[in-house]
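*Asks:* Give me coordinates for this.
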Amino acid sequence: MGRNDAKDDKLLTAFDLFVAKELDEGSSTIGWCNMILKHFGEQDAMAAFYRLLRQFQSASLTHESS
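*Replies:* As a prediction, this is how the structure comes out:
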């Protein structure tokens, strides 16, 4: 993720949109980090991030294999 190339940007955008959809946000303009903080608070944000990331990865793998 730290290389900041086009593939990374595409992945981050896809994750941002996924989080917005999962958290029933109208858009992703505040970014995935802020959406997670807004919905879960600081204490639960890290666990929520990893749960959402696993869901995103599963959805991506399912989408790629179909």
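
*Asks:* out of everything not next to it in sequence, what's closest to Phe49?
*Replies:* Here the nearest residue to Phe49 in space, its sequence neighbours aside, is Ile36; by C-beta to C-beta, 6 or more residues apart in numbering that works out to 5.5 Å. In short, each C-beta sits where N, CA and C put it, glycine included.

*Asks:* elements contacting the helix or strand the one you found falls within?
*Replies:* Assigned by DSSP states H and E, Ile36 belongs to helix 31-65. Under the contact criterion of 3 or more C-beta pairs under 8 Å, 6 or more residues apart in numbering; DSSP states H and E, helix 31-65 touches helix 6-22.

*Asks:* Mind giving me the packing neighbours of the helix it packs on?
*Replies:* Packing partners of helix 6-22 (3+ C-beta pairs under 8 Å, 6+ apart): helix 31-65.

*Asks:* And the helix it packs on, what's buried?
*Replies:* Residues of helix 31-65 classed as buried: 32, 35-37, 39-40, 45, 48-49, 52, 56 (neighbour count, 16 or more other C-beta atoms under 10 Å).

*Asks:* Farthest pair within these?
*Replies:* Maximum pairwise distance in the buried residues of helix 31-65, criterion C-beta to C-beta, is 17.3 Å, between Leu37 and Phe56.

*Asks:* one step back: okay, the angle between the helix holding Ile36 and helix 6-22?
*Replies:* Going by axes from the mean of the first three to the mean of the last three C-alpha atoms, to 10 degrees, helix 31-65 is angled at 100 degrees with respect to helix 6-22.

*Asks:* now helix 31-65: mean pLDDT?
*Replies:* Across helix 31-65, pLDDT averages out at 91.

*Asks:* mind checking how far that helix is from the chain centre?
*Replies:* From the chain centre to the centre of helix 31-65 is a distance of 5 Å (C-alpha atoms, centre = their mean, to the nearest Å).

*Asks:* And for stretch 6-23?
*Replies:* 5 Å.

*Asks:* List of residues touching it?
*Replies:* Here stretch 6-23 makes contact (C-beta atoms under 8 Å, 6 or more residues apart in numbering) with 1-2, 25-28, 31-32, 35-36, 39, 52-53, 55-56, 59-60.
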